[in-house]
Structure formats: structure tokens, C-alpha cells
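The amino acid sequence is not available; the structure is as follows:
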């Protein structure tokens, strides 16, 4: 049963009437945790790419995102969604061009016939790829400059290659035309987080003698989330340069942490619990921060076991938390985190719990 409160929705459950032995109680709690569902993946909207002309400064931002692995202090400024996605698209498109540019040099040195015509088609396709991202006036000379910019800094180039190598294609190839529009979306990670640490045990000696025993405790949640982007981008081959693919790239891993203050009211017959919390997870991008907002809330309570322990009882309660992290208004992580809570106290008198 759930009720709304100012501290989040409160959930109530009864403890089982029948007692079970300790080893079965642990198994029952683990079974309850495993039965909690993994959240359904939210569907983030696809947005139109606004590509930027590559420079050492813009590409360095992307490298810094890729290199950042831990949450950091939020800084004064944040990178916009359009700048992030536009820089990623530019970097990937430029990288594809440098690959074919290298192949052009190899084919030209070999003296193969038709190389210049094929190279002209590659350049035309590259121009169309940038146009699909919003850059409609890229000349062949600019393409060559884009390539030099990427290759000028080994650390930046290695970061772009590392991102490109994470690509998992889910759609395509589709022909690249003058009407192609490049789009992207953040891909959410979904998970069920089960803590292998022993469950929290709280002694409440008044659990049966008082109408309600009240209190609170803090539950810490943490982990890491992949910053992944599904993007429609240029995926050419030498003989088939007019191609686009929809591919998911992992740009960075960002750690996150959030604490939930769990409030409760309990008797020897059942319990009510509630709680909410929030925090930020950030990846640093050359002096500015890309920050996700993370929230947690208690979303379910279940009475799992009642176990005799000498002259007392151990009451096993399962509590389920919902965890969500958002970036640019889109969900990048959705998780469930079921965990156990054990209360030690007197056993209920006969007939106390209907």
C-alpha cells in the first residue's frame, strides 16, 4: 500500500505471520531482490545535429569528456547539448574523412586507374555528410584543413579513434543524399543494482510495546554510467562513400552517488518506509562541466521474513529504490536498487498480528 507524503511516497507492508529459520530468511530476501524488475528503458527523443567546424579547442573538449572517469565538483559553466552532440558528430565525420584520405594517398601511389574520380566522389560525400549536420558550405580545402586539425594533436586523435572503436551499429547503411538530416539521442543505461554487502540490522526493542516505533537511516547508492550516444553519421567505404549508419558510441564513463534518507514507522506486525534523495554526477570538459542530475526514491516495501533468534525475532524487510540520472533533460541511467533491512526485537505476542 502506498500513500503520498511531503517526504516522498510512503509504502506499507506486513511481516509474514509464519516464522522461518535464519538460512531460509536470507534466501527469501535474495529471492525477493532477484524478482524485482529491471526498469523499462525510457525512450529519449532524437534531436537534429548542429555540427561545428573542428578546431583544436573544440576537439579537445571531446577528448576531455572521454578521459574523465570520475564525478567532479560542478563548475560555473556547463556544455550545452547542441555543442556536445555537434562536436561528437564533427569529430566522427572528420575521422572518417582522414581514413579515406589515407587510402587515397595509397591508391594514388599505386597508380590505379580512376583514383581521382573516386576521390572526388569521396570529397562530395564528405561535404554532404557535413551538410547533413548543418555545415553546408564546406569546401575541399576546408576538408583538408579539418583533417590536419584532427591529426595535429595525437592525444585528441587517439581519443576520437577510441570513441569510434566503441561503435555498435543498429541501423544502416542508408544512402546519404542532399536531404539527409543527421540526428542523435542519448542512450539510457538500465540496470538492477543488488548490493552483496550484508543488509542493515537495526535493533528496536519497543517494536511490539509501542503503537509505532519511528526513526530514519541513510542508504548510500553509487555506481557508474556510460555516457552513450546513438547518432546517424557518415560511414563510408572507398567505393561506397554515400552511406550513413545509426551507431551507438560510448563517449565516457561517469561515476555517480546519491544518499537517501529512509524514514520508517514499524510495529511487530508491519512497517512503513519512505525516502527521496538527489545529487549530481559530472564529467569535466576542459574547464567546464558536463553534469547529470541524479535522484533516488523509495518505490516499494515488502515484508519478507520473521525469524526466531533466541527469545527475540528478526524481521526481514525488502525495500526497493528507484534511481534516475538525467543529462540535457534526457535519461542516461534508470535503475532499481532492492536492498534488505533487518529489525531485531521482541516476537509478537500471540494474536497480536491479524
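It's in. Predicted model, so just to flag it, every value in this text is computed and none were measured.

could you pull out the strands for the stretch 251-354 of the chain?
Here the stretch 251-354 of the chain has its strands, by DSSP state E, counting those that start in this stretch, at 270-274, 276-285, 288-309, 312-327, 330-346.

what's the burial count for the closest residue to residue 322 other than its chain neighbours?
Nearest non-adjacent residue to residue 322, counting by C-beta to C-beta, 6 or more residues apart in numbering: residue 299, 4.5 Å away. No exception for glycine: its C-beta is placed from N, CA and C like everyone else's. Residue 299 has 21 neighbours, counted by other C-beta atoms under 10 Å.

for residue 129, same thing?
Residues near residue 129, counting by other C-beta under 10 Å, number 29.

just residue 281 next, same as before
27.

surely residue 96 meets residue 241?
No. Look at residue 96 against residue 241 with C-beta atoms under 8 Å: they stay out of range, at 9.2 Å.

Need the residues touching each of those two.
residue 126 (C-beta atoms under 8 Å, 6 or more residues apart in numbering).

Helix, strand or coil: sort out residue 87 for me.
Counting by DSSP: H, G, I helix; E, B strand; the rest coil, the backbone at residue 87 sits in helix.

For it, give me its contacts.
52, 58, 59, 61, 62.

Look at the last one and give its secondary structure.
Just to be clear, that refers to residue 62. Classification of residue 62 using three-state DSSP returns helix.

could you measure it against residue 144, distance?
To residue 144, residue 62 is 21 Å away according to C-beta to C-beta, to the nearest Å.

if we can go back for a sec, am I right that the residue nearest to residue 322 is in contact with residue 10?
No. Contact criterion C-beta under 8 Å: residue 299 and residue 10 do not qualify, at 11.0 Å.

hmm, back to that, mind putting the contacts of residue 87 into TSV with pLDDT?
TSV is the format used below for these (pLDDT from 0 to 100):
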residue	pLDDT
52	91
58	77
59	80
61	70
62	77
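
nearest to residue 36, of those residues?
Nearest to residue 36 out of the contacts of residue 87 is residue 62 (C-beta to C-beta; 37.1 Å).

mind listing what the closest one touches?
87, 88, 91, 156, 159, 160, 163, 251, 285.

what's the pLDDT at the second one?
According to the prediction, residue 88 has pLDDT 93.

next one: the fifth one
Looking at residue 159, its pLDDT stands at 89.

give me the number of residues near residue 342?
21.

what sits opposite it in the beta ladder?
residue 201, residue 316 (DSSP bridges).

so it makes contact with residue 199?
Yes. With contacts counted by C-beta under 8 Å, residue 342 reaches residue 199, the gap being 5.5 Å.

Now the common contact residues for those two.
Contacts common to residue 342 and residue 199, judged by C-beta under 8 Å, 6+ apart, are residue 316.

Go through the strands of the stretch 251-354 of the chain and name the closest to residue 261.
Nearest to residue 261, of the strands of the stretch 251-354 of the chain and by C-beta to C-beta, is strand 276-285 at 6.7 Å.

The closest one pairs with which strands?
Strand pairing (DSSP bridges) places strand 276-285 next to strand 288-309 (antiparallel).

and the partner strand, which residues are buried?
288-292, 294, 296-307 (16 or more other C-beta atoms under 10 Å).

where does residue 34 land in three-state SS?
Assignment for residue 34 (three-state DSSP): helix.

change the start of the numbering to 34 and stick with it
Fine by me, first position is 34 from now on; the one you just mentioned is residue 67.

which one is residue 219 nearest to, not counting chain neighbours?
residue 363 (4.4 Å).

sorry, back to before: I'd like the strands of the stretch 284-387 of the chain laid out as a markdown table, including distance to residue 50.
Formatted as a markdown table, those follow (distance: least, C-beta to C-beta, whole Å):
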| stretch | distance to residue 50 |
| --- | --- |
| strand 303-307 | 11 |
| strand 309-318 | 31 |
| strand 321-342 | 8 |
| strand 345-360 | 12 |
| strand 363-379 | 16 |
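
Including distance to residue 113 and mean pLDDT, could those go into CSV?
As requested, the strands of the stretch 284-387 of the chain are exported to CSV (distance: least, C-beta to C-beta, whole Å; pLDDT from 0 to 100):
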stretch, distance to residue 113, mean pLDDT
strand 303-307, 36, 95
strand 309-318, 11, 74
strand 321-342, 10, 86
strand 345-360, 11, 92
strand 363-379, 13, 93
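
Ok, which of the ones you listed comes nearest residue 64?
Nearest of the strands of the stretch 284-387 of the chain (C-beta to C-beta): strand 321-342, 8.6 Å.

Can you say which of the strands of the stretch 284-387 of the chain is nearest to residue 222?
Ranking the strands of the stretch 284-387 of the chain by distance to residue 222, with C-beta to C-beta as the measure, places strand 363-379 first at 5.0 Å.
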